[in-house]
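1. predicted model and sequence follow; I will ask about them next.
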Amino acid sequence: MSIKDNIVFKKKELLYFCIQRLLFGFSYSLMIPIIPLYFNTLGLGTFIIGIVMSVYGISKALAQVLVGIVCDKLGDKLVLIISFGLMTLVPLLYTFTNSGFMASIIYILQGAVLGISAPATFSLLSRSLDEDKRGECTGYASAVFTLGGAIGAIIGGFIFTKLNNYKLVFYLTSIGILLTIIFIIINIRKAKFVNKCKKEKESISCKIKGIIETIKNERLLAKIILLGCIALLGDFIYGAIVSIFPFYGQEVLNSTPFYTSVIISIYLFVFGIFAPLGGVTSDKVGVKKQLIIAFMVMIISLFTLSMVKSIVVFTIVIIIYFLGATFLNSALQNSLLKFGENEKIKGIVFGVVGACESLGYAIAPIISSCIYELNKRYFFPILLISTVIIYVIFLLLKKKVFST
């Protein structure tokens, strides 16, 4: 099959979506690896940085829920432009402060601004994909953002290492996000949605009533709960690995800082490379079967990681775990984007599930650090227990979820 026959190039809307995600993922991630170092230079300790990261996740979660309610009314394109416009200002604000407190406030606001974009991003993707190849389209959309982020993080870290210049990285981040906004304005079309509420003053109450009635009549509550739990698990484990694994690698595995950074980079690259395949398989074998297989791979891998000490074996097993997590996420995204067909509730559903992701990332640094301080070898067992709990919830709800 030639590249022109690929679904990304056959469907213009999906191609434009992937390009803007690649641009934003690359630009935003330029500053990600240097922010903790930047905080440290302002006098913030590791514990305080962990708390700030957790509050960042909470602010992101709250913003996603609130914006999810009104996203359809305002239009996903407008919400995306507003959020990216605000995000363009965030890196610039970092360059104007020398206060650890003010930098923390900016970072928390950064979480809220990123949360604003999430429901709009899901909504835009849901109307850009090919309904017959939803999983494949979702896989490519996830891959380009992750690959862009991985490349951006490497370049941002390289620039800082060579030039020791925080401000240059922040400036480049703002410029990249601004270019993304220009691309969106020129190439992304507005959504066509007619508000069925007759009076403007009744629109919010009408919308909330419609959301509740739709969820109740179509028996979607169990599905929303399950998707939220899986989303929470994904970002909880990701947040725990990002915040604690650098210490675990050195103190338990007796590895080097370079090894732990490579493992985290592999996490991103595995996700970026295999997400399209995960999307295709979720279309072929079905979401339910893929979720079961992915959960089994993750549980077995985490059980093994809890006991293994050999660096070689650990590396092989954790890559297998990353593959399981990638396929789990592909199935999640495939199922979630089916809500894009329902104009009444897609905004709030995308907001709630996105908020669960942010909540997982918010609580991960606090819980994992407390467990790690209690006993360093409890790190992977707590991730295993968390995964088993969500798998049990999946088993309890799967009959209701997949019968609708």
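-> Now that the structure is in, tell me what you want to look at.
2. low-scoring stretches of the stretch 1-150 of the chain, by residue?
-> Scanning the stretch 1-150 of the chain for pLDDT under 70 picks out 1-9, 46-47, 68-72, 130-136.
3. would you map the helices across it?
-> In order along the chain, the stretch 1-150 of the chain carries the following helices (DSSP state H, counting those that start in this stretch): 7-10, 12-29, 35-41, 46-74, 76-94, 100-126, 134-163.
4. any chance of these in JSON lines, plus distance to C370 and mean neighbour count?
-> Every C-beta, even on glycine, is put in place using the N, C-alpha and C of the backbone. Formatted as JSON lines, the helices of the stretch 1-150 of the chain follow (distance: least, CB to CB, whole Å; neighbours: other CB atoms under 10 Å):
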{"stretch": "helix 7-10", "distance to C370": "43", "mean neighbour count": "16"}
{"stretch": "helix 12-29", "distance to C370": "28", "mean neighbour count": "22"}
{"stretch": "helix 35-41", "distance to C370": "19", "mean neighbour count": "17"}
{"stretch": "helix 46-74", "distance to C370": "10", "mean neighbour count": "21"}
{"stretch": "helix 76-94", "distance to C370": "29", "mean neighbour count": "20"}
{"stretch": "helix 100-126", "distance to C370": "21", "mean neighbour count": "23"}
{"stretch": "helix 134-163", "distance to C370": "27", "mean neighbour count": "21"}
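5. include distance to S174 when you put those into a markdown table, please.
-> Conversion of the helices of the stretch 1-150 of the chain to a markdown table gives the following (distance: least, CB to CB, whole Å):
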| stretch | distance to S174 |
| --- | --- |
| helix 7-10 | 28 |
| helix 12-29 | 8 |
| helix 35-41 | 14 |
| helix 46-74 | 19 |
| helix 76-94 | 5 |
| helix 100-126 | 12 |
| helix 134-163 | 13 |
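6. of those helices, which is nearest L359?
-> helix 46-74 (4.8 Å; CB to CB).
7. so how far is the closest one from its chain's centroid?
-> Computed by CA atoms, centre = their mean, to the nearest Å, the separation of helix 46-74 from the middle of its chain amounts to 12 Å.
8. then stretch 291-298?
-> On the basis of CA atoms, centre = their mean, stretch 291-298 is displaced by 19 Å from the centre of the chain it belongs to.
9. and if you look at stretch 323-330?
-> With CA atoms, centre = their mean as the basis, the mean position of stretch 323-330 lies at 13 Å from the chain mean.
10. which pLDDT value belongs to the residue nearest to L226 when sequence neighbours are not counted?
-> Leaving aside its chain neighbours, L226 sits nearest to L397 (4.8 Å; criterion: CB to CB, 6 or more residues apart in numbering). L397 is assigned a predicted lDDT (pLDDT) of 88.
11. ok, E357 - how many residues close by?
-> Residue crowding around E357 was assessed by other CB atoms under 10 Å; the count is 26.
12. quick one: residues contacting the residue nearest to L226.
-> Going by CB atoms under 8 Å, 6 or more residues apart in numbering, L397 touches A222, K223, I225, L226.
13. adding secondary structure, neighbour count and pLDDT, write these out as JSON lines.
-> As requested, these are exported to JSON lines (DSSP: H, G, I helix; E, B strand; the rest coil; neighbours: other CB atoms under 10 Å; pLDDT from 0 to 100):
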{"residue": "A222", "secondary structure": "helix", "neighbour count": "17", "pLDDT": "80"}
{"residue": "K223", "secondary structure": "helix", "neighbour count": "22", "pLDDT": "81"}
{"residue": "I225", "secondary structure": "helix", "neighbour count": "17", "pLDDT": "87"}
{"residue": "L226", "secondary structure": "helix", "neighbour count": "23", "pLDDT": "88"}
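14. contacts for stretch 259-266 next, please.
-> Residues lying outside stretch 259-266 but in contact with it, judged by CB under 8 Å, 6+ apart, are 150, 153-154, 241-242, 245-246, 248-250, 253, 311, 315, 318-319, 322.
15. and the helices in the stretch 251-400 of the chain?
-> When secondary structure is read from DSSP H, counting those that start in this stretch, the stretch 251-400 of the chain shows helices at 257-285, 287-305, 311-336, 346-374, 379-401.
16. neighbouring contacts of the second one?
-> Okay, so that is helix 287-305. Counting contacts by CB under 8 Å, 6+ apart, the residues outside helix 287-305 that touch it are 135, 230, 278, 281-282, 314, 317-318, 320-321, 323-325, 327-328, 330-332, 334-335, 380, 383-384, 387-388, 390-391, 394, 398, 402.
17. from Y166, how far off is I35?
-> 9 Å (CB to CB, to the nearest Å).
18. any weak-confidence spans in the stretch 151-300 of the chain?
-> Within the stretch 151-300 of the chain, the set of residues satisfying pLDDT under 70 comprises 191-220, 257-258, 261.
19. I misspoke; the intended subject was the stretch 301-404 of the chain.
-> For the stretch 301-404 of the chain, the stretches with pLDDT under 70 are 337-348, 403-404.
20. my guess is V280 meets G139, correct?
-> Yes - counting by CB atoms under 8 Å, V280 touches G139, with 6.5 Å between them.
21. sorry, back to before: roughly how far does the residue nearest to L226 sit from R189?
-> L397 sits 36 Å away from R189, going by CB to CB.
22. how many residues are close by V349?
-> 27.
23. for K289, same thing?
-> Residues within reach of K289, counting by other CB under 10 Å, total 13.
24. do the one 4 residues further on as well
-> Here the count is done by other CB under 10 Å, and I293 has 16 residues near it.
25. check contacts around the residue nearest to A153 when sequence neighbours are not counted.
-> Spatial nearest neighbour of A153, excluding adjacent residues (CB to CB, 6+ apart): S29 at 4.5 Å. Going by CB under 8 Å, 6+ apart, S29 touches G148, G149, A150, I151, G152, A153, G156.
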